[in-house]
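Trainee: Predicted structure and sequence below. I'll ask about it afterward.
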Amino acid sequence: MSRLRDALGGDRAAALRSAARRLRPASRTGLVKRMAAAAALVAGLAVALLVLGAAFSAFYGEYGFHPEENARSWAALTPSYADSALCQRCHQPEYAPWVASRHRTVVCESCHGPLAAHAAETSPNAPAGSVVLAKVPDAICVACHGKAIGRPAAFPQVDLAQHYAGASCLWCHNPHDATAVRPPDIPHPLDRLPACVTCHSPAGLKPVPAGHVESSDGVCRTCHARPANGD
Amino acid sequence: MSETGPTGANEPRGTRATLSRRRVLQLGLAAVPAVCGAGLLSGALATSHDVVRAAEPEPAGVAYDPSAHDWAFVMDTTTCIGCGRCVEACKLENHVPEDPKLNRTWVELHVLAQDWTVSVSSPDGGRPSPPVEETVPAASAAPVRSAYFVPRTCMQCENPPCTWVCPVSATYRTEDGIILVDEKRCIGCGYCVVACPYGARYMVPAGDTTPKGVAGIVDKCTFCYHRITRGLLPACAEVCPVNARIFGDLNDATSAVSVAIGEKRVRAMKPALGTRPRVFYTGLEGEVD
């Protein structure tokens, strides 16, 4: 000891002894108390952090941890528009001429509307005869084929005022095979003749084909004209 | 120099240092299991959350890998006829409000008059057939040099201004390049609506909702994310009768959009903004840049 005291110098050795004594517990009870206090502190902090962590997780979890989760929920929405191949399963008579026609780039749903609406309306619980856009209105034809500024010159367009005004497109045009039947010209002179329906009523001398309705001369002449050099 | 008493002027400081060091150690020791525990608990909660999600029916494209795709459009103004079937299909597919001014996609008529003045119009978003008399610009007295239809939609910019300005990071860009809106984070402030240089966003009006049934927030084109992740075309491209909306994957050299970019001369709209759009145009003059 004296050698150590000599080596370190008296003051420093005394300080070391003093420090060692303080670090050593005064008794066994003191040691237990200190360990218990430390354990309580550790446990308390652990509980506090667990509660905070759980609260944060519950709050943030509602928002999702990554944008990817939100993107997946966008991807999970249900489509309404399908594919013409699905329509073909039931509508082969319309599909077959369509797929070989000029109109093959115009998918079924472009004119008839989304398949999902059709499926909903034709489901067993839906009222009968409520098929969506089974008969397409002329406005759909005109949407593409009405003459308008901005349309490419090569695209077939009609000036509605000049093209059989008052007639329905479907009277002459078949949209599925993209063909049209030109209404025949009137082969006979019209001078000194009574109204068209005198002879051309369904019960008349020369009845009109099925689908025509009895009407006035003006309506007949909407579609049927004399040849350009006639009359 | 008593052995039990203070041994020097620096002793009190030494004592404090010892105690403080011990406390630091205690705190550190306590923190390790606590942090581990909290981490484990939050991890467990996250796992249970994911399990709930996974239990929901997954879309058909469950194997969809966003990192493998780079979706893009080529809008061909040389073939567009302005029929508005795309606008109609978008409204029906994506629960877009009936208000003709609010659209995810719309069609514009660009008219360049003889005196080089430009008029851009889009009555009712171009949804109905353009009535002949209404599509002629106001300055119709002057003959028209050129007129063509321009399909419009979100450009899905690679460098999107909308995501920069969002104060809550609700709008973001997916790995496959689609800008989406997180309906749980969006607070409906509308900054993105005014930040978009292409006018592609709108606030969902009162009484209406987004496709996910959320009211009071922003909605926008998603390139029909629910369709393209299933291998379908976006609804607008599906119904386009003249193939003016060419859609596909830039990562696939054989896709329609890659072929179109190779074959046609394409350009972006407002390229000087540096937004790097994923929607390209053919035949677009610089009138709206």
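Mentor: It's in.
Trainee: OK, now which residue of chain A is nearest to chain B?
Mentor: A:Gly53 (3.1 Å; CB to the nearest CB). For every residue, glycine as well, the C-beta is placed using N, CA and C.
Trainee: Off-centre distance for the helix or strand containing that residue?
Mentor: Assigned by DSSP states H and E, A:Gly53 falls within helix A:28-61. Relative to its chain's centre, helix A:28-61 lies at 53 Å (CA atoms, centre = their mean, to the nearest Å).
Trainee: With stretch B:215-234 instead?
Mentor: Using CA atoms, centre = their mean, the offset of stretch B:215-234 from its chain centre is 9 Å.
Trainee: Quick check, A:His176 in contact with A:Glu94.
Mentor: Yes - applying CB atoms under 8 Å, one finds A:His176 in contact with A:Glu94, separated by 5.0 Å.
Trainee: pLDDT score for the residue of chain A closest to chain B?
Mentor: With respect to pLDDT, A:Gly53 scores 81.
Trainee: repeat for the one 10 residues further on
Mentor: The pLDDT attached to A:Tyr63 in the predicted structure is 60.
Trainee: B:Thr18 too?
Mentor: pLDDT, read off for B:Thr18, is 47.
Trainee: Number of residues surrounding B:Pro197?
Mentor: 16 (other CB atoms under 10 Å in any protein chain shown).
Trainee: For it, grab phi and psi.
Mentor: phi -70, psi -10 (degrees, to the nearest 10).
Trainee: Please pull up the helix or strand immediately following the helix holding A:Gly53.
Mentor: Next along from helix A:28-61, by DSSP H and E: helix A:67-75.
Trainee: Give me the buried positions along that next one.
Mentor: A:67, A:70-75 (16 or more other CB atoms under 10 Å in any protein chain shown).
Trainee: Could you pull out the helices in chain B for me?
Mentor: All helices of chain B, identified by DSSP state H, fall at B:11-55, B:85-94, B:132-135, B:161-165, B:191-195, B:225-228, B:235-239, B:256-263.
Trainee: Any part of the second one near chain A?
Mentor: Yes - in terms of CB under 8 Å from any CB of the partner chain, part of helix B:85-94 sits within range of chain A, namely B:85, B:89, B:92-93.
Trainee: how far does stretch A:21-35 sit from the chain's center?
Mentor: 74 Å.
Trainee: the domain parsing of chain B - what is it?
Mentor: B:11-56, B:68-158+B:220-288 (automatic domain parsing).
Trainee: and of those, who's closest to A:Arg151?
Mentor: domain B:68-158+B:220-288 (4.9 Å; CB to CB).
Trainee: Give the rounded mean pLDDT of that closest one.
Mentor: 90.
Trainee: And it, end to end?
Mentor: Distance across domain B:68-158+B:220-288, first residue to last, is 33 Å (CA to CA, to the nearest Å).
Trainee: can the residues of helix B:85-94 next to chain A go into TSV with extra columns for neighbour count and distance to B:Ala206?
Mentor: Listed next are those as TSV, based on neighbours: other CB atoms under 10 Å in any protein chain shown; distance: CB to CB, whole Å:
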residue	neighbour count	distance to B:Ala206
B:Arg85	27	29
B:Ala89	26	25
B:Leu92	18	21
B:Glu93	26	23
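Trainee: okay, the domains of chain B in TSV with distance to A:Met35 next?
Mentor: Converted to TSV, those look like this (distance: least, CB to CB, whole Å):
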stretch	distance to A:Met35
domain B:11-56	11
domain B:68-158+B:220-288	58
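Trainee: Most tightly packed of the ones you listed?
Mentor: domain B:68-158+B:220-288 (a mean of 20; mean count of other CB atoms under 10 Å in any protein chain shown).
Trainee: Could you list the domains of chain A?
Mentor: A:2-75, A:183-231.
Trainee: weakest of those domains by average pLDDT?
Mentor: domain A:2-75 (a mean of 78).
Trainee: who in the stretch 151-289 of chain B is up against chain A?
Mentor: Residues of the stretch 151-289 of chain B lying near chain A (CB under 8 Å from any CB): B:172, B:174-175, B:178, B:180, B:182-185, B:211-212, B:222, B:224-227, B:229-230, B:232, B:235, B:238-243.
Trainee: sorry, back to before: deepest of the domains of chain A, which one?
Mentor: Highest mean neighbour count of the domains of chain A: domain A:2-75, a mean of 14 (counted as mean count of other CB under 10 Å).
Trainee: Which residues lie in contact with A:Ala40 in this structure?
Mentor: Listed by CB atoms under 8 Å, 6 or more residues apart in numbering or on different chains, A:Ala40 has no contact partners.
Trainee: And for A:Arg89, the neighbour number?
Mentor: A:Arg89: 8 neighbours (other CB under 10 Å).
Trainee: And for the one 10 residues further on?
Mentor: A count of nearby residues for A:Val99, using other CB under 10 Å, gives 13.
Trainee: Got phi/psi on it?
Mentor: Main-chain dihedrals, A:Val99, degrees, to the nearest 10: phi -70, psi -20.
Trainee: How confident was the prediction at it?
Mentor: pLDDT, A:Val99: 94.
Trainee: again, but for the one 10 residues further on
Mentor: Here the pLDDT value assigned to A:Glu109 is 93.
Trainee: what's near enough to touch B:Gly216?
Mentor: Going by CB under 8 Å, 6+ apart, the list of residues near B:Gly216 reads B:188, B:203-204, B:206.
Trainee: Can you name every helix or strand that the helix or strand containing A:Ala13 contacts?
Mentor: If you go by DSSP H and E, A:Ala13 is part of helix A:10-23. Here helix A:10-23 is seen to pack against helix A:2-8, helix B:11-55 when contacts are counted using 3 or more CB pairs under 8 Å, 6 or more residues apart in numbering or on different chains; DSSP states H and E.
Trainee: mean pLDDT for those helices: which is lowest?
Mentor: helix B:11-55 - the lowest mean pLDDT of the helices and strands packed on helix A:10-23, at a mean of 46.
Trainee: Quickly find the element holding the closest residue to A:Cys196 other than its chain neighbours.
Mentor: Among residues not flanking A:Cys196 along the chain, A:Cys220 sits closest, at 4.6 Å (CB to CB, 6 or more residues apart in numbering or on different chains). According to DSSP H and E, A:Cys220 maps onto helix A:217-223.
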